[in-house]
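> fold the following, please.
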Amino acid sequence: MVIFTDSVDLELETKCENALNLVAESRKRFGKLCVEYDQKMLLMENKLLNLQVETVSNYRFKPKNTIPNIDEDCTKDLDDLFVEISEKEQRLQDVMRKLKNTHEVIMQLDADVIGKKLRAPLNADTMLAQAKASKLLKP
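Numbering: from 1, shown residues only. All right, here's what the predicted structure looks like:
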């Protein structure tokens with residue numbers, strides 16, 4: 001019986017080896033086909049992409065909005081506008097500087113004693129009252 005088992009084992013081993021050889025051969029063949037398929041597919045994709053690029057590069061695009069012609073009159077008008085804006089900006093800066101100077105003068109007058117006397121109302125009654133007050137203070 002031992003011989004029978006060995007022959008069965010050998011037979012099974014041979015069948016397994018044959019099946020594994022078939023699997024290995026089919027994998028090789030299938031792998032080669034896959035590689036060839038991938039190469040052919042990449043080649044076709046490149047051809048299609050080149051065709052698309054060529055088609056797009058040959059197509060002339062039309063703009064949605066036409067660009068207006070800028071003639072000399074328009075540029076002259078723009079130049080005049082820029083000059084006018086710069087003149088107005090200069091005048092505004094001059095007014096701001098004069099306002100600042102006026103504000104400084106007003107602050108000096110507020111701090112000045114003579115300025116306070118000048119702001120006092122000048123009428124005869126006030127002047128007499130001031131004179132009397134100064135005589136009373138002097139001994």
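> what's the mean pLDDT across the host helix or strand of L22?
Assigned by DSSP states H and E, L22 belongs to helix 2-58. Averaged across helix 2-58, the pLDDT comes to 82.
> could you point out which element follows that helix?
helix 72-111.
> mean confidence for that following helix?
On average, the pLDDT along helix 72-111 is 88.
> which elements pack onto it?
For helix 72-111, there is no helix or strand it packs on, judged by 3 or more Cβ pairs under 8 Å, 6 or more residues apart in numbering; DSSP states H and E. (Each C-beta comes from the backbone N, C-alpha and C, glycine too.)
> okay, domains of the chain per the record?
1-59, 75-120 (automatic domain parsing).
> give me the distance from the helix holding L22 to the chain's centre.
A distance of 53 Å separates the centroid of the chain from that of helix 2-58, by Cα atoms, centre = their mean, to the nearest Å.
> if we can go back for a sec, okay if I get the domains of the chain as a markdown table plus mean neighbour count and distance to N69?
Output for these, formatted as a markdown table (neighbours: other Cβ atoms under 10 Å; distance: least, Cβ to Cβ, whole Å):
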| stretch | mean neighbour count | distance to N69 |
| --- | --- | --- |
| domain 1-59 | 10 | 25 |
| domain 75-120 | 10 | 11 |
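> export those domains to CSV and tack on distance to P68?
Below are those laid out as CSV (distance: least, Cβ to Cβ, whole Å):
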stretch, distance to P68
domain 1-59, 25
domain 75-120, 12
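> quick one: K76 from K88, how far?
From K76 over to K88 the distance is 19 Å, taken as Cβ to Cβ, to the nearest Å.
> what do you get for K132?
Counting by Cβ to Cβ - K132 and K88 are separated by 57 Å.
> try M96
Distance from M96 to K88, counting by Cβ to Cβ: 13 Å.
> and what of L10?
Distance, L10 to K88, using Cβ to Cβ: 110 Å.
> cool, thanks, talk later.
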